[in-house]
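Asker: 3D, please:
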Amino acid sequence: MKNKTFWIFGLLTLSIISIAYSYTKFAAPKTETKVAECHEVPNTGEASAFQPTIENKNKPTGKAPKGMVWIPGGEFSMGSNVEDESLCSIKGVTKDAAPIHRVYVDGYYMDETEVTNEEFEKFVKATGYVTVAEQKPTKEEFPTANEEDLITGSVVFTPTPSAVNLNNFLQWWRYEPGADWRHPEGPQSSIKGKEKYPVVHVVYEDAEAYAKWAGKRLPTEAEWEFAARGGKTGNLYAWGNDLKPKGKFQANIYQGHFPIQDGDTGEDGFKGIAPTKQFAPNAYGLYDIAGNVWEWVHDWYSVDYYKSLAESGKVIKNPQGPNAYNDPNDPTQIKRVHRGGSFLCTDQYCTRYMVGTRGKGEIRSAANHLGFRCVKSI
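Answerer: Numbering: from 1, shown residues only. So this is what the prediction gives:
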């Protein structure tokens, strides 16, 4: 079974957990190296590329749909700057989020939280939908695979027994047969009592199917970042420029020595995934826009997309993302963008709880730190 598990793990999940892998080549190879917290104030001097956010003034009539908040849209500076690289122990985190460029988005409603287990369960009961993680992989998808190796399951974070070099992410992830949204840690686990937790182990098409059923859609990357910034200009985090204002964490991220057993100290109040609404919302009323679980967005992932937008010299209106995916580090995998970071993000390895930074994932790969939220146009 170990050989089977490793083989299918390699086929089905390599890209989903490359969220941080693309940047590990920039990390110091020694795990004992002391790292600084990413909470210094970024460079906001005259050289800053961030220009003021200009919110739309028009507001919709009537009440917001249940569980959603109004995002006014407008013009803003999108992306991250090279100065932020000095804030963290890992270089390269902002590389694909540069240069900063001007974008305009129309107003829309957005889910105030990530879609929860109870919300996703309503969708499944109403439609009979079966997620990709619950479907047996097919020979059409993996023609060289043995039939016995084609087993249902998904990727689960597994702490290491001791400190490890952070240049090999395979050390702390496993392909778990039987893991899915109902069984987030494997077949013996359950979501009973976790109705308010974000649903996980959903791939892009699962999230898209839910959104369509709910009369919504997935946000574009520009819509997601505009909403996450909360009308503020150039902040490092969704709540400001200090990781821990008044000494308190503002998101469910990883504190302690990553990725060892019991390494997460839970200083933010949680070890592992947390229920929604455990931290203060941002200025637009959005909860968990950083940390807890990564969120799928609409856009294809392209490493040089921001560069092409900036070079146009225009304010880009309602960008929908590039026409094709492009990841030179993993050119055969079809990827969409992830945003927001997760409970596993740490200044030792993955600092993409910073609001302008980006993640990515293969569209049919799932994991226990990946979910989504939806938007609705007016």
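
Asker: ok, now which ones touch the residue lying closest to K57 once chain neighbours are set aside?
Answerer: Nearest residue to K57, sequence neighbours excluded (Cβ to Cβ, 6 or more residues apart in numbering): P72, at 7.6 Å. All C-beta spots, glycine's among them, are computed from the backbone N, C-alpha and C. Neighbouring residues of P72 by Cβ atoms under 8 Å, 6 or more residues apart in numbering: 55-59, 107, 231.

Asker: Backbone torsions only: list them for P72.
Answerer: P72 adopts backbone torsions of phi -70, psi -20, taken as degrees, to the nearest 10.

Asker: quick one: the strands in this structure?
Answerer: For the chain, applying DSSP state E gives strands covering 54-55, 68-71, 74-78, 101-105, 108-111, 153-157, 173-177, 294-300, 316-317, 335-339, 359-362, 370-371, 375-377.

Asker: picking up where we left off before, list only those of the contacts of P72 flagged as buried.
Answerer: 107, 231 (16 or more other Cβ atoms under 10 Å).

Asker: Closest to G247 out of the contacts of P72?
Answerer: Closest approach between the contacts of P72 and G247, by Cβ to Cβ: G231, at 25.4 Å.

Asker: Tell me the spacing between the closest one and E55.
Answerer: As for G231, its distance to E55 is 6 Å (criterion: Cβ to Cβ, to the nearest Å).

Asker: for T276, same thing?
Answerer: T276 is 26 Å from E55, by Cβ to Cβ.

Asker: and if you look at A290?
Answerer: For A290, the distance to E55 - Cβ to Cβ - is 21 Å.

Asker: The residue nearest to the spatial centre of the chain: what's it in contact with?
Answerer: Nearest to the mean C-alpha position of the chain, by Cα atoms, centre = their mean, lies W294 at 2.4 Å. Counting by Cβ under 8 Å, 6+ apart, W294 makes contact with 19, 338-342, 359, 361, 369-371.

Asker: picking up where we left off before, now tabulate the strands of the chain in JSON lines and tack on distance to S308 and mean pLDDT.
Answerer: JSON lines is the format used below for the strands of the chain (distance: least, Cβ to Cβ, whole Å; pLDDT from 0 to 100):
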{"stretch": "strand 54-55", "distance to S308": "23", "mean pLDDT": "98"}
{"stretch": "strand 68-71", "distance to S308": "25", "mean pLDDT": "98"}
{"stretch": "strand 74-78", "distance to S308": "13", "mean pLDDT": "98"}
{"stretch": "strand 101-105", "distance to S308": "9", "mean pLDDT": "97"}
{"stretch": "strand 108-111", "distance to S308": "24", "mean pLDDT": "98"}
{"stretch": "strand 153-157", "distance to S308": "32", "mean pLDDT": "94"}
{"stretch": "strand 173-177", "distance to S308": "32", "mean pLDDT": "92"}
{"stretch": "strand 294-300", "distance to S308": "13", "mean pLDDT": "98"}
{"stretch": "strand 316-317", "distance to S308": "10", "mean pLDDT": "98"}
{"stretch": "strand 335-339", "distance to S308": "15", "mean pLDDT": "97"}
{"stretch": "strand 359-362", "distance to S308": "17", "mean pLDDT": "94"}
{"stretch": "strand 370-371", "distance to S308": "27", "mean pLDDT": "98"}
{"stretch": "strand 375-377", "distance to S308": "24", "mean pLDDT": "97"}
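
Asker: Let's have the ones you listed in CSV, adding distance to A227.
Answerer: Output for the strands of the chain, formatted as CSV (distance: least, Cβ to Cβ, whole Å):
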stretch, distance to A227
strand 54-55, 12
strand 68-71, 5
strand 74-78, 10
strand 101-105, 9
strand 108-111, 5
strand 153-157, 27
strand 173-177, 29
strand 294-300, 11
strand 316-317, 17
strand 335-339, 10
strand 359-362, 16
strand 370-371, 16
strand 375-377, 8
